[in-house]
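Peer 1: how would this look folded up:
(4 chains)
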Number of protein chains: 4
Amino acid sequence: MTGPRLASGVWGVVATPFTNDLQVDERSLRRLVRHYADIGVTGLTVLGVFGEAAALDADERAAVLRAVVDEVDLPLTVGLTSLATAPGRQEATAVLAAAGDRVAAVMVQVNSPVVEIVVDHLDAISTSVDLPVVVQDYPVASGITIAIPALRMVVQTAARVAAVKAEAPPTPPAIAALSDLGVPVFGGLGGIGLLDELACGSAGAMTGFSYPEALLDCVAAHRSGGFPAARAVFAPWLPLVTFEQQARIALAIRKQCLVERGLIDHATVRPPAASLPDALRGPLRVQMAAAAQLRTGRPAV
Amino acid sequence: MTGPRLASGVWGVVATPFTNDLQVDERSLRRLVRHYADIGVTGLTVLGVFGEAAALDADERAAVLRAVVDEVDLPLTVGLTSLATAPGRQEATAVLAAAGDRVAAVMVQVNSPVVEIVVDHLDAISTSVDLPVVVQDYPVASGITIAIPALRMVVQTAARVAAVKAEAPPTPPAIAALSDLGVPVFGGLGGIGLLDELACGSAGAMTGFSYPEALLDCVAAHRSGGFPAARAVFAPWLPLVTFEQQARIALAIRKQCLVERGLIDHATVRPPAASLPDALRGPLRVQMAAAAQLRTGRPAV
Amino acid sequence: MTGPRLASGVWGVVATPFTNDLQVDERSLRRLVRHYADIGVTGLTVLGVFGEAAALDADERAAVLRAVVDEVDLPLTVGLTSLATAPGRQEATAVLAAAGDRVAAVMVQVNSPVVEIVVDHLDAISTSVDLPVVVQDYPVASGITIAIPALRMVVQTAARVAAVKAEAPPTPPAIAALSDLGVPVFGGLGGIGLLDELACGSAGAMTGFSYPEALLDCVAAHRSGGFPAARAVFAPWLPLVTFEQQARIALAIRKQCLVERGLIDHATVRPPAASLPDALRGPLRVQMAAAAQLRTGRPAV
Amino acid sequence: MTGPRLASGVWGVVATPFTNDLQVDERSLRRLVRHYADIGVTGLTVLGVFGEAAALDADERAAVLRAVVDEVDLPLTVGLTSLATAPGRQEATAVLAAAGDRVAAVMVQVNSPVVEIVVDHLDAISTSVDLPVVVQDYPVASGITIAIPALRMVVQTAARVAAVKAEAPPTPPAIAALSDLGVPVFGGLGGIGLLDELACGSAGAMTGFSYPEALLDCVAAHRSGGFPAARAVFAPWLPLVTFEQQARIALAIRKQCLVERGLIDHATVRPPAASLPDALRGPLRVQMAAAAQLRTGRPAV
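Peer 2: Take a look at the predicted model:
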C-alpha cells in the first residue's frame, strides 16, 4: 500500500452517450466531459458501471477513452469490467494504449470475499500496467460481498491502492472504518449518502449526478464549514439526487436529466439496461425545472 | 375490491420501544403515539416490520396494541408477520381481540408472485376477521418479488383492499401503475421517495421518520401547492431522511433519533436486528442538531 | 457446549399431511410416524421447514405434536419457526407443553452471521425450557448465511448444543469442519449428499425422503462397511433422491411420493408453497414404480 | 425460429485445463477433447461457464478454440461470456475467426427477464456472424431469472435458435414446458437431473462430468429402453454426479476428478473460482476408486 493517491474532491463519473440507434455519440461525450472540466472537477472516471462499459466492445471502449483524452486535460480513473485477472489485465493494457499517461489509476472491482484473492488480483493488474488501482466495492454490480475488516486488509495489503470507491450500503460506517488507512475513500451511488460520507471521513464523491456542480459545492462547503455548511448547500439538491438514484432505472433517469440540461443529445441506454418508465417523464421534467432554479456557486457554463 | 379505503395523508409507523434489557417499554410507546396524535397524523401503523413485530411474542404484541388503543384515538392499521394463511388468520384474530373496532385494516405482505395465491391469502384473512386489508409489497422483508401487473391484478381481484403500501423500489413508477384503481397507495421506506411518490399519485406516506411532522408538512404542501411546494418543504429534511434510511441499520438509527428527540427512552433493538454502528453516533448528533433548527408548520409539542 | 447429544443414525423429518381442504390430516400423520417407528428410525424431527410449521397456527402445531407423542415412543426434535428470541421462546414453551419429556431437543435456525447473536439466541431458548438445541444452518429457509468458522464458534460457545443440522451447500466440507467438536452433525436436504456427508464424518441423516428405509440402510452399511458398502446400498435410490430434491417443489414431490406409497392420503401443500407441476406426475409414477422394485434390508411393513 | 437444430445426444462441456502457474495447458486440453471424440460424443461445448471463459483473455479464448478445432473433428457450440450485445457480437466474431465452419452455434445467456430484450440480443448476435444460437438459461451465472412462459416466447420468436440449455432448477418441468416447440432442449448441471430431464423430453445432456461415458450410456439406454433402462445404467454413477455437483466448488472437484482419470494434468482453477477444499481430497479418491470399478458400454480408451 504505497505510492500516489487520488486527489480528493469530486471525480465525475462519465456516462457514455448513445445516438438513437445506440451507437456511441462522441459529440455528446465531448460536450459532457467538457462541461465537467469547465466546472472544475478533480478528475473523471470513465468506463465505469454507469458508463455502460460492460455494454461496449473493445473498440468502443478505446474510442471513448481517446475522445475524452483528446477533449479534456483531466486525470482519469478508468474502470475495468471483468472480475477475473487475465481479461482484466488485457483491459488494463488497452486502457494504457488508449489513454497513456493520462490514466491516474484503473478501477478494479472487489472480486471475492477472500482477502488473498482480491489482493493477488489487484496486484497482478497494477503490476501489468504499472498503474495504481482504485478498489471498487460495489456488490450490486459485482455480486460479491466483502466484510469491512476484509476490505480493510485488502487496502492495507495490496501494493498500489490509489483510492477506494465505497458503494456497499450502508456506506458511511464503511467509510469510517477505512478512513484511518491513509488512502482516500470516495462515496458513489449518485451522491445519496454524500453528506454522511463526508461526515465519516470520505475524500469526496466519485459518482454521476446530472448537476455535478452541486457535488462540487457540497464538498467545498464541507471543507470550509463542515457538516452544517455542506448540508445547507446540498439539501436543496437531494430531491433530485433521490429521484435519480432509483434502483435499476437510475442510469436511464440520469441520462434523461442530462438531455434536459442539454449536456447530451439522447437518453438511450443499451439493453438489457432498463429504459425510463413513461410514468416518470412528467415528474422528471418537474424535478429538472425545480433544479434549474437552484443557484450554485460555480460559474454557469 | 370493494369497501372502505384508508384515508389519505400520513400514517405513522410506530416503533416498539424497548428498555435497556429489551423488554417492551410501554411508557415510551405511549409517549411516542401521543406525539403522533398531537401532531395530527391520519392514523397509526402498529406491529409492522419497523415495529419489530417479528421479534415480539404474542403476549407482547397484544400488550403493544392495547397500550396504543388506550393512549390515542387514532384509527390503526395493524401488521401481520406471517406469510402463511393459518398463522396469519390467528394473528388477525388476536389483533381484533386486542384492538377491536379501532382496527381500520390489517396489513398483509404479498406472499407469492402468483396472483391467485396472494388473493386467496388476503381474502381468507379479511374474511376471518371481517376487516379490510392493506397489501404490503416489501421484498426486503418478505423475500417475495411480485411483478407490477400481477400486483395490479391482486388489488383488482381481492375482495377488500383498503390500501397498498408500495415498498419495492423503484416505488414511483409502481405507484403510478396502481394509481388508477381507486385504491389509495402509500409509500414507505422512511419517506426517501415521498416527493416522487406524491408526484406519481400516492395517497401519502405510511412510514416512520424521526420527524413525522415533516411528512405531514410535505403531504399538506403537495395538496395545496403541488410538487414545488412539497419540494420546498421537504428538501431541508432529506439529509436526515437519507441518513435514517440506511440499509440494515435504519431501525437502529431511527430509534436513536427518537431518543435524541426525547420521544422514547432507549434506542435498543432486539437481535438479530443490527444495532447502531459507533461511527454513526457523532454524525447522528450533528444531523439531529441541524434538524432541530428546522421549522415545521406543526405546533411544537 | 455440554450435556446430552442426539443419538446418531437417521432422524425422520415428518411431513405434516393435509386433507384436500388443507386441514391437518391427523390420521395420515399417525400412519406416517407409525411407519417411521416400525422401520426403526432413531428419532423424529417434527415441525421443521418440511413439516410446513410456518404454515400452521399455534393450535395446529400443538395438535401435530400431541398426535405424534401419542402414536409413537420415539424421541423428538421439534423445530421452531421464528428467528427471533421472544417468539422462539414462546414456541419452545408450547412445544414443552404439548410434548413434555419426549422432546430430546428443540431445533433452532441460525439467525445471524454474528456468533454472539446466535449464541445468545440459542442459550436464551434452551434456558427458558431447560432443553438442548439442535442448531440448524439452512440459508434457503432462514435467509442467513454464516461462515463455517463462525458456526464452529457457535457450537463451541453455546451452552447446550445437542447436534448440528448442516444444510448450507456444499455440506460435506462444512461437516468435515465441524466433525471434531464432539457434537453430532447431521445432513439434511433429502439425503442428496448423504454418502459424502458420512464420508466427512456426519452422524447420519435428519431429513425426509419417501423411502426412509434407504437412509437407514445406507447409514447402517456405512457403519459396517464404510463408503463402498454405503455406496452400493444407496446408489439405486439416488434417482429418486435427486428427483425429490428439486428446488422449490421438493415438498410437493415428496408428499405425492408418500401418497403413492400409501403412507399419507393427500399430497396437498399449503400455499404459498408450490404444488406439484403436472408435467412431473408421469415421471413421478415411473420413479416410484422403479423404487418399489428395490429391495431394502428393512422388514416390509 | 427456423434453421438447423443441434443434434441430440451428449455435448461434452470442455473444461479449460491450466498448468500449475495458471497458464492454459494446451496439451491437457487436447487430451481431454481427444477423449471426448474417442468415446463418441455428439459435439463439444467450449468456452462455457465451466470452461472458465470469463477468466480467459481474448487471446487465450482463441487459442483454446484453435487447439480444439485442430485436435478433433466434432461440431462445436461456443459460449459467449458477455450479457450485452456489442461485446457479445465482438466475441462471436472472434469465435468465427478462430473456429470457422466448425462452429455449429454460439451459446448466449438469457440476459433479461423481458422477451423483447432477449430476442433482440439473440438476433443481433446470430445475424452478425450468420450462426444459430443456443439459448442458455443459467441464473447462477447470469444473475437473470426468466419465467418459463417468457422463455417459451423467446424460443418461438428469436430467428435462429438451435437449442436451449436449461439450467434453472427445477429443470425437468422447465424442459417439459419447452419440449413441444421443435427445438432440442438440453439439460446441464453436471447431469444431476439427467434421468428426469430425459423423462420430460430433453434431447440429451450438454454438461461436464468426469465420466462422460456414463452420460452417453444413459442417453443411449433411454433411447432404447426408456426410463427404466436409463435408470439402471445411470444410478451407479449418481454418487459421483452428486459429489461433483456441489455448489461453488463443482469446478474444482471436477477438474481434480479429471486429473485422477489422467485426462488432464492439473486441477488448478483460476481465482476467484474456489479451489478444492482439503477435506474433500480423501472422499474424492474414494469416489473415483469406486467409479473406476463401474463398467460402461463404451470402449475403454
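
Peer 1: can we go C-alpha only for contacts and neighbour counts from here?
Peer 2: OK.

Peer 1: now do the lengthiest helix in chain A: distance to the chain's middle.
Peer 2: Longest among the helix segments of chain A by residue count, using DSSP state H, is helix A:212-234. Relative to its chain's centre, helix A:212-234 lies at 18 Å (Cα atoms, centre = their mean, to the nearest Å).

Peer 1: what do you get for stretch A:24-41?
Peer 2: Counting by Cα atoms, centre = their mean, stretch A:24-41 comes out at 15 Å from the chain centroid.

Peer 1: same question for stretch A:281-301.
Peer 2: The answer for stretch A:281-301 is 21 Å, by Cα atoms, centre = their mean.

Peer 1: that one vs chain B: in contact?
Peer 2: Yes: using Cα under 8 Å from any Cα of the partner chain, we find that stretch A:281-301 touches chain B at A:P283, A:V286, A:A290.

Peer 1: also stretch A:222-240?
Peer 2: Yes: Stretch A:222-240 is in contact with chain B by Cα under 8 Å from any Cα, via A:F227, A:P228, A:R231, A:A232, A:A235, A:P236, A:W237, A:L238, A:P239.

Peer 1: so which of the residues of stretch A:281-301 next to chain B comes closest to chain B?
Peer 2: Of all the residues of stretch A:281-301 next to chain B, chain B sits closest to A:P283, with 6.2 Å by Cα to the nearest Cα.

Peer 1: chain neighbours aside, what residue packs nearest to that closest one?
Peer 2: In space, and not counting its chain neighbours, A:P283 is closest to B:A199: 6.2 Å by Cα to Cα, 6 or more residues apart in numbering or on different chains.

Peer 1: A:V135 now?
Peer 2: Using Cα to Cα, 6+ apart and skipping the chain neighbours, the partner closest in space to A:V135 is A:V164 (4.7 Å).

Peer 1: hmm, A:R285 and the residue nearest to A:P283 touching each other?
Peer 2: No: counting by Cα atoms under 8 Å, B:A199 does not reach A:R285; the two are 11.2 Å apart.

Peer 1: neighbour-wise, which of those two wins?
Peer 2: For B:A199 versus A:R285, neighbours defined as other Cα atoms under 10 Å in any protein chain shown are more numerous around B:A199 (23 against 14).

Peer 1: what sits against the more buried one?
Peer 2: B:A199 makes contacts with A:P283, B:P172, B:F227, as judged by Cα atoms under 8 Å, 6 or more residues apart in numbering or on different chains.

Peer 1: so which of those residues would you say is closest to C:G262?
Peer 2: Distance to C:G262 across the contacts of B:A199 (Cα to Cα) is lowest for B:P172, with 52.4 Å.

Peer 1: which of the helices or strands spans that closest one?
Peer 2: Taking DSSP states H and E as the definition, B:P172 sits inside helix B:171-178.

Peer 1: residues of the stretch 51-200 of chain A that sit close to chain B?
Peer 2: A:P169, A:P170, A:P172, A:P173, A:A176, A:A177, A:I192, A:G193, A:L195, A:D196, A:A199, A:C200.

Peer 1: out of everything not next to it in sequence, what's closest to the fourth one?
Peer 2: Distance criterion Cα to Cα, 6+ apart; nearest residue to A:P173, sequence neighbours excluded, is B:A279 at 5.8 Å.

Peer 1: what is the burial count for that neighbour?
Peer 2: When neighbours are defined as other Cα under 10 Å, B:A279 has 16 of them.

Peer 1: check A:V24 too.
Peer 2: 18.

Peer 1: chain C versus that one, what's the distance?
Peer 2: 42 Å (Cα to the nearest Cα, to the nearest Å).

Peer 1: quick one, phi/psi of A:T93?
Peer 2: Dihedral angles of A:T93 (phi, psi; degrees, to the nearest 10) stand at phi -60, psi -40.

Peer 1: so how far is A:L96 from the closest residue to it other than its chain neighbours?
Peer 2: Distances taken as Cα to Cα, 6+ apart place A:V129 nearest to A:T93, at 6.2 Å, with adjacent residues excluded. Distance, A:V129 to A:L96, by Cα to Cα, to the nearest Å: 7 Å.

Peer 1: who has more neighbours, those two?
Peer 2: A:L96 (21 against 18).

Peer 1: ok, the more buried one to A:D38 distance?
Peer 2: In terms of Cα to Cα, A:L96 sits 25 Å off from A:D38.
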